[in-house]
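# fold the following, please.
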Amino acid sequence: MIQDSKIQEALEMIKYNVFSWRMCEWGYVKEYDKAKARMRRFVAHVSTIENAAIRTALRNLWTLRCKEAQEFIDGKRPDYTEQKNEYMAIIAS
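Okay, here's the model as predicted:
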C-alpha cells in the first residue's frame, strides 16, 4: 500500500512538472534552478521505491517527457504513446 502511494506521488510529480521551462522569455536561470530542484526531489523520491523495475520505468518516463518537451520546442510533434504505455505497464505491474 505504501509503495502504491509512492508510485502515485511520483506519477503526479511527472504529471505536474513543467518540462517546457526552457521556453521562458525571462528568468531563465531561476527556472533552470527550479527545474533542477524538482528533478532532484523526483530522483530522491523514486529512490525510496523498492521495486527496481518500477524505479527504472519512472525515471525513463521522466526522461521521455523531457525529450518530448524538447522536441516540441524544436517544432517537432513527437508521438511517444507506445513507449509511455510500455512504461506505464511496468509501473502498473
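
# isn't residue 31 right next to residue 23, touching?
No - counting by C-beta atoms under 8 Å, residue 31 stays clear of residue 23, with 9.2 Å between them. For glycine as for every other residue, the C-beta is placed from the backbone atoms N, C-alpha and C.

# quick check: next helix or strand after the one helix or strand residue 29 maps to?
In this assignment (DSSP states H and E), residue 29 forms part of helix 28-46. Using DSSP H and E, the helix or strand that follows helix 28-46 towards the C-terminus is helix 52-73.

# that next one vs helix 28-46, what angle?
Interaxial angle, helix 52-73 versus helix 28-46 (axes from the mean of the first three to the mean of the last three C-alpha atoms, to 10 degrees): 160 degrees.

# tell me what whichever helix or strand comes after helix 52-73 is packed against?
Next helix or strand after helix 52-73 toward the C-terminus (DSSP H and E): helix 81-92. The helices and strands touching helix 81-92, judged by 3 or more C-beta pairs under 8 Å, 6 or more residues apart in numbering; DSSP states H and E, are helix 52-73.
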